[in-house]
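[1] next one to model:
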Amino acid sequence: MSRIFQKQMHVRNVFRTPPDYTDLAIKYPEFRKVCRLELNGKVYIDYKNEMALRALTRTLLLEYFQLDVEFAPGSLVPTLPLRLNYILWLEDLLESRKEDTIKGIDIGCGSSCIYSLLAAKKNKWSMLALESNSINLDYANGNIERNNLQKFVTLFAQKHTGQIFREYFENNNGYENFDFCLCNPPFYDTLASANKTRNPQKRPPPHNCPTGFTEELFCEGGEVKFVEKIITESLMCAKEIRIFTTMLGHKSSLSKVLDILKENKIQQFCSTEFHQGNTTRWGIAWSFYLEFS
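    Below is the predicted model:
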């Protein structure tokens, strides 16, 4: 991992100092099985191997956060430095929040329930995890129970995949308030768009092998249309959620989402970049009554 990209990570991200794979291989037998010892004595990980990615993420969660997490076969394997960057950004946005309990909504928690688990374990935040895929729900529930985080994380099974958080509020008469919502939306519209690069000379193929169920990777209109749904529902839930946030996988999506916010006369918003390894993602936040510095 480039030292330049390490320095661009959030200043509080523990992965600014790269993990020692040799030490981890000695300590964790499951991780050791997917490692390869180079002639120079260094441990090598094949990032194109899905089993290796799963073992690596499981090991990092155990080592750094004491979280025992399992992933449903075929489901999205989260990149931990990126997820941590997002959580740290939320900490910054919520810095002025003085109340004891911070409550957040995890839109599409996946089988790992990674954002909710990190938020609960690291910060004792109370999380509502939304998910529609039945397999993901089963694994997410197992991960919550295995880590004894039932007090902090609540799962909600969504029946209407075309909705974001409206279904939950309608079922609960809209009485509950939250400090924020977060989302890692499906980045792509189609498989063809996933395989397309803007400039193959400047943007080589992804370093890691792709993972994830179809609905975790693709949706009609890609991430811009998905985030537009969040923006539309945020107009209806302006009083229930203080800060709305989402991740974006493509830089080109940022200006499009900002235009949608402006079209809806939402004036309070901010954006950031998440740097990890050779990958950059973008975050955007908006609110109906908070000002962002």
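[2] which SS state does residue 269 fall under?
    Per DSSP: H, G, I helix; E, B strand; the rest coil, the secondary structure class of residue 269 is strand.
[3] that one: neighbour count?
    Residues near residue 269, counting by other C-beta atoms under 10 Å, number 16. C-betas here are computed from N, CA, C, even on glycine.
[4] swap in residue 132?
    Other residues near residue 132 come to 17 when the count uses other C-beta under 10 Å.
[5] where exactly do the strands run in the stretch 1-150 of the chain?
    Using DSSP state E, counting those that start in this stretch, the strands of the stretch 1-150 of the chain run over residues 35-37, 43-45, 103-107, 126-131.
[6] residue 9: which of those is closest?
    strand 43-45 (18.9 Å; C-beta to C-beta).
[7] partners of the closest one in the sheet?
    Using DSSP bridges, strand 43-45 pairs in its sheet with strand 35-37 (antiparallel).
[8] returning to that earlier point: the strands of the stretch 1-150 of the chain into CSV, with extra columns for distance to residue 262 and mean pLDDT?
    Output for those, formatted as CSV (distance: least, C-beta to C-beta, whole Å; pLDDT from 0 to 100):
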stretch, distance to residue 262, mean pLDDT
strand 35-37, 49, 85
strand 43-45, 43, 85
strand 103-107, 22, 97
strand 126-131, 27, 97
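[9] got TSV for those, with mean neighbour count too?
    Listed next are these as TSV, based on neighbours: other C-beta atoms under 10 Å:
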stretch	mean neighbour count
strand 35-37	15
strand 43-45	15
strand 103-107	25
strand 126-131	23
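[10] include distance to residue 263 when you put the ones you listed into TSV, please.
    Shown next, in TSV, are the strands of the stretch 1-150 of the chain (distance: least, C-beta to C-beta, whole Å):
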stretch	distance to residue 263
strand 35-37	50
strand 43-45	44
strand 103-107	21
strand 126-131	26
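[11] can you check which of those strands gets nearest to residue 243?
    Comparison of those against residue 243 by C-beta to C-beta identifies strand 103-107 as nearest, at 9.2 Å.
[12] which one of the strands of the stretch 1-150 of the chain lies closest to residue 266?
    Across the strands of the stretch 1-150 of the chain, closest to residue 266 is strand 103-107 (C-beta to C-beta), at 17.8 Å.
[13] please report how far residue 137 lies from residue 114.
    15 Å (C-beta to C-beta, to the nearest Å).
[14] again with residue 282
    To residue 114, residue 282 is 19 Å away according to C-beta to C-beta.
[15] more neighbours, these two?
    Between residue 282 and residue 114, counted using other C-beta under 10 Å, the more crowded position is residue 114 (29 against 17).
[16] quick one: the helices in this protein?
    Taking DSSP state H as the test, the helices found in the chain are 3-8, 21-27, 29-33, 50-65, 80-93, 114-123, 134-146, 166-171, 191-195, 214-217, 222-236, 251-263.
[17] quick check: buried residues in the longest one?
    Judged by neighbour count using 16 or more other C-beta atoms under 10 Å, the buried positions of helix 50-65 are 50, 52-63, 65.
[18] now do it, average pLDDT.
    The pLDDT scores in helix 50-65 average 95.
[19] how about residues contacting that helix?
    Residues outside helix 50-65 that contact it (C-beta atoms under 8 Å, 6 or more residues apart in numbering): 14, 19, 24, 27-28, 30-31, 33-35, 45-47, 67-71, 77-80, 112, 117-118, 121-122, 208-209, 211.
[20] equivalent analysis for stretch 127-141, please.
    Residues contacting stretch 127-141 (C-beta under 8 Å, 6+ apart): 70-72, 75, 103-113, 115-116, 119-120, 144, 152-159, 161, 164-165, 168, 178, 213, 215-216.
[21] next one: stretch 38-47 to chain centre, how far?
    Offset of stretch 38-47 from its chain centre (C-alpha atoms, centre = their mean, to the nearest Å): 28 Å.
[22] over to stretch 25-35?
    A distance of 25 Å separates the centroid of the chain from that of stretch 25-35, by C-alpha atoms, centre = their mean.
[23] go on, stretch 10-29?
    Distance of stretch 10-29 from its chain centroid, counting by C-alpha atoms, centre = their mean, is 20 Å.
[24] buried subset of the contacts of helix 50-65 as a ChimeraX selection?
    Those of those that count as buried under 16+ other C-beta under 10 Å are selected in ChimeraX with:
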select :14,19,24,28,31,34,35,45,67,69,71,77,78,79,80,112,117,118,121,208,211
